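# got a sequence here, can you model it:
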Amino acid sequence: MIQDVKVVELVAHMDDRGYLIEIARCTEGDEPHAVVHKFGQVYLVGDMTRGIVRAFHKHEELWDWFFISHGSAKFVLSDDREDSATYGEIMTIIAGERRPRLIVVPPGVYHGWMSLEDDTQMVSTASHTYNREDPDEVRIPPDSFGDVWTIKGR
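Residues are numbered from 1 along each chain as shown. Sure, this is the predicted structure:
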């Protein structure tokens, strides 16, 4: 695990009407969902075709919370915080509708994702609103950490 990154296993509450998954809440304490400490915006990102890579970038101040609502995705994170105990470490996370998870990414951690199924949709919540004139992001190419996107047989 990368320091300050959280992967919160979510629960689908199901009955004869369907299901409900609580993604995140702004609360105090150590509850698993107590991860949203500041709210900026929510947006939906969709990839029509499996294998689409959206990577890499990091933020100086902004926190990200990611939830795959449809399909599945592979997330790759790399800790670029020199003062972190996990500086330089790379982490891979698989999330999807059959494995609902909330992925919490702190500032200073490069992150990106690849859709593993056609029509994958991600709900992304950010601690700050996006500023087009002065975006809080540093972008690098998708191959910056080597071949992290190839799915390898086991």
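
# worst mean pLDDT across the helices and strands of the protein, which element?
Every helix and strand in the chain was compared by mean pLDDT, DSSP states H and E; the lowest is strand 18-21, with a mean of 88.

# I'd like the next helix or strand past that strand.
Using DSSP states H and E, the next helix or strand after strand 18-21 towards the C-terminus is strand 41-47.

# please name every helix or strand in contact with that next one.
Applying 3 or more CB pairs under 8 Å, 6 or more residues apart in numbering; DSSP states H and E, we find strand 41-47 packed against strand 120-126. C-beta here means a position set from N, CA and C on the backbone, and glycine is covered the same way.

# low pLDDT regions in this protein?
Low-confidence segments of the chain (pLDDT under 70): 27-36.

# okay, which residue is most central for it?
Relative to the mean C-alpha position of the chain, the nearest C-alpha, by CA atoms, centre = their mean, is the one of residue 66, at 3.7 Å.

# residue 62 reaches residue 108, doesn't it?
No. With contact defined as CB atoms under 8 Å, residue 62 does not count as touching residue 108 (10.2 Å).
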